[in-house]
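*Asks:* model this:
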Amino acid sequence: MGVRKNQRDLTTTEKRAFVNAVLELKKRGRYDEFVRTHNTFILNDTDNGKRTGHRSPSFLPWHRQFLLEFERALQAIDASVNLPYWDWTVDRDTTSSLWSADFLGGNGRDSDGQVTTGPFAFSGGNWVINVRTDSRTYLRRALGTGQRPLPTADDVRSVLAQTTYDVSPWNSTSTSGFRNLIEGWRGPNLHNRVHVWVGGDMTSGTSPNDPVFWLHHCHIDKLWSDWQKAHPSSGYLPTRATTNVVALSGTMEPWNNVRPSDMLDHSGWYTYA
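*Replies:* Okay, here's the model as predicted:
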């Protein structure tokens, strides 16, 4: 069983192992499959139609499975690697450790947003954007240029205080519920706001092109885990078959053999430090 650590607590060896495994996954072509899958679901998930990965109760279990598959792909390359998480309530600026040249690299340049430092810089030759929304083949960031700063610890506490997992109409317009507030369509806007703060590739459906995607979603997964512990009697909703959304025992595409009920307890696969 693996332990997912805060990225600021990784050793130099652990950082190098993570980066090398990600680069090797990219070299083998497998990384782009994850980007393609995420983009497909971003484009297809709608408020008034079928929705699985986003704008829906299954946002959290879908991404938990997505992260787990990515982590297993990395571990097939290097068994020592576990996904780290980025606690953006603490590491809140462009000089934080995750943006160092020996880890994820820094901000994009002013002229075109291109990341020019670190292992995922286009100039290094190891990180060409193949699954993309336009002709640009380089990783882009615009750290902190959005209208709002990163979420605070108080923002997180207010979302964790929600006592119900989700509510009808089970989409981005749901006025309460933990899922919609953590996804960021209502309230303090947690998940969505971080994507906007990073900018560049993180603002599109192909956001996994930026490896920080995995650290961000790993933190979202940790917050779900924290919420589950704080509200043990408040389970996944809806529990009964509901039009256009995945109920507790429904199956989630693209796997079709994974249910939200299968993803509620991660302790058999990993823990958080």
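*Asks:* Which element, helix or strand, includes the residue minimising distance to the centre of the chain?
*Replies:* Most central in the chain under C-alpha atoms, centre = their mean is residue 217, positioned 2.3 Å from the mean C-alpha point. In the assignment (DSSP states H and E), residue 217 maps to helix 212-230.
*Asks:* what about that helix, distance to the chain center?
*Replies:* Using C-alpha atoms, centre = their mean, to the nearest Å, the mean C-alpha position of helix 212-230 is found 8 Å from that of the whole chain.
*Asks:* Show me what that helix is packed up against.
*Replies:* Judged by 3 or more C-beta pairs under 8 Å, 6 or more residues apart in numbering; DSSP states H and E, helix 212-230 is in contact with helix 59-77, helix 153-160, helix 178-183, helix 191-198. C-beta coordinates here come from the backbone N, C-alpha and C atoms, glycine included.
*Asks:* out of those, nearest to residue 226?
*Replies:* Among these, helix 153-160 comes nearest to residue 226, with 6.2 Å by C-beta to C-beta.
*Asks:* tell me what that closest one is packed against?
*Replies:* helix 178-183, helix 212-230.
*Asks:* Would you mind giving the secondary structure of the nearest residue to residue 16 once chain neighbours are set aside?
*Replies:* In this structure, residue 16 finds its nearest non-sequential neighbour in residue 102, 7.5 Å apart by C-beta to C-beta, 6 or more residues apart in numbering. Here residue 102 is recorded as coil under DSSP: H, G, I helix; E, B strand; the rest coil.
*Asks:* Look up how far residue 20 lies from residue 102.
*Replies:* Applying C-beta to C-beta, to the nearest Å, the value for residue 102 to residue 20 is 12 Å.
*Asks:* same question, residue 27
*Replies:* Counting by C-beta to C-beta, the gap from residue 27 to residue 20 is 10 Å.
*Asks:* Looking at those two, which is more packed in?
*Replies:* In terms of neighbours (other C-beta atoms under 10 Å), residue 20 is the more surrounded of residue 27 and residue 20; the figures are 15 against 12.
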